[in-house]
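K.L.:
here's my sequence, what's the structure:
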Amino acid sequence: MNDLFKWLFILGSSWLYVCNLVHSYDDFYFTQHPRFPENVVEGQRLVVNCQVDDATSIVYHWQQNGRNIDNTLRRCQNGSSLVFEIVHRQRDVGEYQCTAFNTSSGHSVSSFTAQLSVGWIGQDAKVAVVSPKNVKEIHEGNSLTLNCIIEGSKYHVTWYKNSVRVSLDERIQVDTVQQTLNIKALSVSDDGVYSCEVALLANDKASTAAAATATVVSTKNFALIIARANTPTIRIVPQDIIVNRGAPAQLDCAYDGAVRVEWFNQEDSPMRNSSGKNQNHVLFPNGTLYFRSVGANRDAGLYRCVPLVEEGTEGREATSGGYIAYVKVAVKPEVDSSSIIPQPTKDDKYVVRAGSALEVYCRPKNHETVNPPPIVTWLNSHKEKISDSPFLFIGQMQTNQAGQYSCRVENGFGNPEHAINVVVTVMPVISQEPSDVRVEEGKTFRMSCGFKGSAGSLTNITWQRVTTSINGHFQRIATSSRIQISNQDASMSYLQVLRAQADDDNGVYRCQVTTLGFDPVFSENATVFIRERLKFTTKPINQHFELNSKAKIHCRAHASEDVTIQWACENGTRLPSHVRWNKNGTLVFDTVKKTDEGWYNCTASTTKEKPISVSIKVDVGVSPKFTVRPKNHTAIIGEMVVLDCQAVGDPMPALHWDKDGKDNITELGRWKMMGNGSLVLENAKPGDRGRYGCIAGNKGGFAREEIELDVQEMPSSVTQTLTLTISCAAGYILFVVVLIVYCKRSRSKKREPESSAMTAVSTSQVTLQPNAYAYSTPESQSLLPKILSHPPSLIYSPRTAHSSHLYEKNPSGSDPASSAYSSAANSCTISRRNLVNPRKLGKGWFGEVCLADTADAVFSVVLVKVLESRDEEVYKAFKTEFSMFQKLDHENVIRSIGLCPPSSMNKDLWAVYEHSRAGDLKYFVQSNAKLITKEHLINFAHQIATGMEYLSRHRYTHRDLATRNCIVDLPDGLNPIVKVGNLSVTSQGLNDEDYFLYRNRRIPLRWMPGEAVSEDEYSVKSDVWSFGVSLFELLTYCQVQPYEGFADTEVFRLLTDEEPLPALVNRDFAHLEKALIVECTQINAKDRPTFSEILSRWNLS
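P.N.:
Predicted structure coming up:
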């Protein structure tokens, strides 16, 4: 018994394991089952949808009555939806089911079934007598049953007597099932013409308007005549007539037992013969009403024939008695390309693949007004009728059935035709495969590919290539000045590559032949091998190193064979013991010494090629350090102001002053800078108030200090001491002059000969670390103001460790628009009074975006986003963004500081974010392009990727990653830190051209992948695409717009059509960065790397 329980336990556990395994792989289900509207009518357009909860790796299939549906021009599958361009009552009725298939696991799930029935009506209706069977038995007091006869289904019938809707009561009733009219106890008052109107049951007016035939009025009606003694009895019943405009017409009517016949139209009084110029109708004694020329507005309409019993009783029967007839003006049918559904191409062409069906529908262009209703047929090129209905259906088209087909529409007053051209294509077959190629770098190679099939414009040949840097996926090859593609005789294509490059042209090639109506056909793969010549991939450049630091110089080369890298001193001496190079070719200085200055040579060699070498110069110095730091100063209006600033370094740093991060104030004329770096103003004015920065820079880097200058009015108590103050100031100036002379003499004695004058060297390369490197200075003192158009911000300390006067308790009386505000920001409320000197940057997603200054030591400059909308959904998005940056804690991601709640003076909610005086990354790179090296740019990109990797690990999606949305912080004046932010100034700002108006909102089109533009689908992989574009920005020093030369509309079309865009690379890019940009901007999101994979590509050791 124990063994039995043991085996049952094992069996149950195994079963649970298998169930859990299957559940883990195939846990998806339908969230939307197919469902048809209740009343679908023939001729309308219809879309039915199905959807599963997780569409990853899901492919959908549709079945009708248990058989898979083949796509045709009329009915096809679009994603998970089934689209009927026009509904057919015979081919589309039945049971439909949607199946979702998981291509990864092989599991499939089917939806509930949905039944489609189609309503339709014929073009002709008539009224017939059901009972009594013999019309002669219709007498007063008997019963009468009339039936409205028409072909169709799902319609409604309305009955009329003399064009007036029949009023129902106990005596007169309608059978809605049999569509009959039942009249009991007939009387003379029932005399008249009975007609019926048939209308389709539709879901809406749009469906009714699109229906093949929406409403039909009976053309053969029943005239009820009850004979009674001493009562006129109609002998000739008037009949409806349809004539051309301007043609003559007549209505006949005669009664037995009447003095004469009178005719009424819309007037209450009987008609009389017209006279004069308006004489158009004539009343004959026999009761005939004759029209000389029928006009649409004048004569068309309803006419009533009434017997006159005796003279003097005119009009007594006009409103209820008599019999009616219509005079209608014919409307000729019209037909053109808009009459054909689905719509053909501009040249009225349909392309159908061999073996598939042709389904086309035709209806008059004026189908709602044409009169009488027309008959639609189809003719072949020999003018033979091949279809008696508006639908043309030919199953399994063959090439011999291609040609011209015409839709003919006729109603007795016109029979226009419109022809379409049907082209039948066949599946292409590759007739000539491309061959392998081996060629020397710099040479030209050529490949060819041929096919058999439908030539001409019906077939397109393209070339594709896959390299090791694109994850093994083929990419379409675009033509350029170096790559030429020619299709000479429509069935052959030639690819010619000039000046072959190993980095760009090595790989596997194939041609793709695409014929309309068929899936693409691919040739066999052909390998192109380009023997790479020896060349430097990372070429060393002149360097400036900090004394006693650890430094590296990268030197890398590549060739088809193994490459050996060697370093040596150019003067022939051996490298010192603390200098070595590793296997990657990197020259490492364990501790930089003054004796390391000089020239170094890097040599690359292989066993088959001549060595190549490059020489670089290494300078050793000390970056600037302040010996006298400027201090905050308060001055009285009119007095002299002296701001001291001194720094040392090797070489001796140059000093530069600015005000509020903008002006070179020594160029304004009022300020003078002394030789020792002090700034002197002889006559202080209120406009001199502000924040002043002293920058010390040399080729080893730069340092910055900021102070506040306040200029106040002179108090009355100071008047008595004015003389003493002036005397002290004069003494101080004399002391400064003496000090300057002394310092100059001391410096000239100590300065080495080569540094006797302030000189500049080439921009230095730095050791690349993820977040730190030495920043270069300009080549001359005159360029120092460009190093930072916006001065660096102060050190950013964690919010939890900072107690700032910026914060205040949340006010108790908040605006109702911010009812949820207190829960989000109770501990980080900021007083508006602490934000001064606002500068508008532009408009963002939520409202205005501004910069503001504060008196705080930590947050000297902040970014303010204003919420102008009162919409609850917009407020939630605003709060979500603020909360996201509030929760994050990473040195490469900005953080939110606090909220300014609405007040009685300002109803808008403000969100305050960390910012920097150095500004955004785009502006920083553009302003300092002469100082920044390629290594700096790669380091900036590495920091962005580090910040984005942090955001992706915390499941945040950025949606607008670009250099304009990153800021640069300079906490120590040496090592710029790039932080991912979200300024998102979409309009009225400096970056207006970066945004494109789409669906009433501005989007960063050139930074977005196709799925984000067309489907609003954002993810980490869409951020990766944006990072690839941002890397392109950096490598071009933010001077070139992505996809430059392409209009926004063309970029939009390529993205939404998922067509290849031109690669964001050029020959100046290194191989690694070039490959990385290509990988990040793959059309398929699954082919893009993650941020972790991006970081692993860079070897910054």
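K.L.:
count of neighbours near I86?
P.N.:
22 (other Cβ atoms under 10 Å). For the C-beta atoms, the positions are set from N, CA and C on the backbone; glycine is no exception.
K.L.:
which residues does it contact?
P.N.:
Residues counted as contacts of I86 (Cβ atoms under 8 Å, 6 or more residues apart in numbering) are 43-45, 74, 210, 341-342, 361.
K.L.:
just give me the closest of those residues to S187.
P.N.:
G43 (43.0 Å; Cβ to Cβ).
K.L.:
which parts of this structure are helices?
P.N.:
Per DSSP state H, the chain carries helices over the ranges 2-26, 205-210, 502-505, 722-750, 821-825, 872-887, 921-927, 934-953, 1010-1015, 1020-1035, 1048-1056, 1071-1080, 1091-1097.
K.L.:
and those, which one averages the lowest pLDDT?
P.N.:
If you rank those by mean pLDDT, helix 821-825 sits at the bottom with a mean of 40.
K.L.:
F391: what's its closest spatial neighbour, skipping adjacent residues?
P.N.:
Excluding its sequence neighbours, the residue lying closest to F391 (Cβ to Cβ, 6 or more residues apart in numbering) is Y361, at 5.4 Å.
K.L.:
show me what that neighbour is bridged to.
P.N.:
With DSSP bridges applied, Y361 shows beta-bridge pairing to I341, F391.
K.L.:
was I right to think it contacts F393?
P.N.:
No. Counting by Cβ atoms under 8 Å, Y361 sits too far from F393 to count as a contact (9.5 Å).
K.L.:
how about low-confidence regions in the stretch 751-900 of the chain?
P.N.:
Residue ranges of the stretch 751-900 of the chain with pLDDT under 70: 751-827, 857.
K.L.:
the contacts of I86 into TSV, with extra columns for neighbour count and distance to N965?
P.N.:
Compiled in TSV, these are given as follows (neighbours: other Cβ atoms under 10 Å; distance: Cβ to Cβ, whole Å):
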residue	neighbour count	distance to N965
G43	25	51
Q44	26	47
R45	14	43
R74	22	48
A210	21	47
I341	20	47
P342	17	44
Y361	23	51
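K.L.:
just name the lowest-scoring one in those residues, pLDDT-wise.
P.N.:
The minimum pLDDT among the contacts of I86 falls on A210, with 64.
K.L.:
what about the closest residue to Q886 other than its chain neighbours, how many residues nearby?
P.N.:
Spatially, and ignoring its direct neighbours in sequence, Q886 is nearest to S896 (4.5 Å; Cβ to Cβ, 6+ apart). S896 has 22 neighbours, counted by other Cβ under 10 Å.
K.L.:
just V836 next, same as before
P.N.:
V836: 10 neighbours (other Cβ under 10 Å).
K.L.:
go ahead and confirm it touches A852.
P.N.:
Yes. Between V836 and A852 a contact is recorded at 6.5 Å, counting by Cβ under 8 Å.
K.L.:
follow-up on the earlier one: contacting residues for the residue nearest to F391?
P.N.:
By Cβ under 8 Å, 6+ apart, the contact set of Y361 is 43, 74, 86, 88, 212, 340-341, 390-392.
K.L.:
at 6 Å what do you get?
P.N.:
Residues near Y361 by Cβ atoms under 6 Å, 6 or more residues apart in numbering: 86, 341, 390-391.
K.L.:
sorry, back to before: and the residue nearest to Q886, how far from D53?
P.N.:
According to Cβ to Cβ, to the nearest Å, S896 and D53 sit 34 Å apart.
K.L.:
do V217 as well
P.N.:
With Cβ to Cβ as the criterion, V217 and D53 are 50 Å apart.
K.L.:
of these two, who's got more company?
P.N.:
V217 (17 against 11).
K.L.:
hmm, back to that, show me which of the contacts of I86 is closest to I733.
P.N.:
R45 (89.1 Å).
K.L.:
look up how far I341 lies from that closest one.
P.N.:
8 Å.
K.L.:
and for N506?
P.N.:
In this view, N506 and I341 are 51 Å apart by Cβ to Cβ.
K.L.:
if we can go back for a sec, spit out the contact partners of the residue nearest to Q886.
P.N.:
882, 885-886, 913.
K.L.:
tell me the pLDDT of the residue lying closest to I733 once chain neighbours are set aside.
P.N.:
Nearest residue to I733, sequence neighbours excluded (Cβ to Cβ, 6+ apart): M640, at 7.2 Å. On pLDDT, M640 comes in at 88.
K.L.:
could you number the chain from 745 rather than 1 from now on?
P.N.:
Sounds good: first residue 745 from here, last item M1384.
K.L.:
number of nearby residues for M1384?
P.N.:
Neighbours of M1384 using other Cβ under 10 Å come to 17.
K.L.:
what about it, distance to V1455?
P.N.:
M1384 is 12 Å from V1455, by Cβ to Cβ.
K.L.:
want to try TSV for the contacts of I830, with distance to D1738 as columns?
P.N.:
Rendered in TSV, the data for the contacts of I830 read as follows (distance: Cβ to Cβ, whole Å):
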residue	distance to D1738
G787	47
Q788	44
R789	39
R818	43
A954	43
I1085	42
P1086	39
Y1105	46
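K.L.:
now, which of these sits nearest P1645?
P.N.:
Proximity of the contacts of I830 to P1645 (Cβ to Cβ) peaks at R789, which lies at 51.7 Å.
K.L.:
distance of that closest one from E1457?
P.N.:
79 Å.
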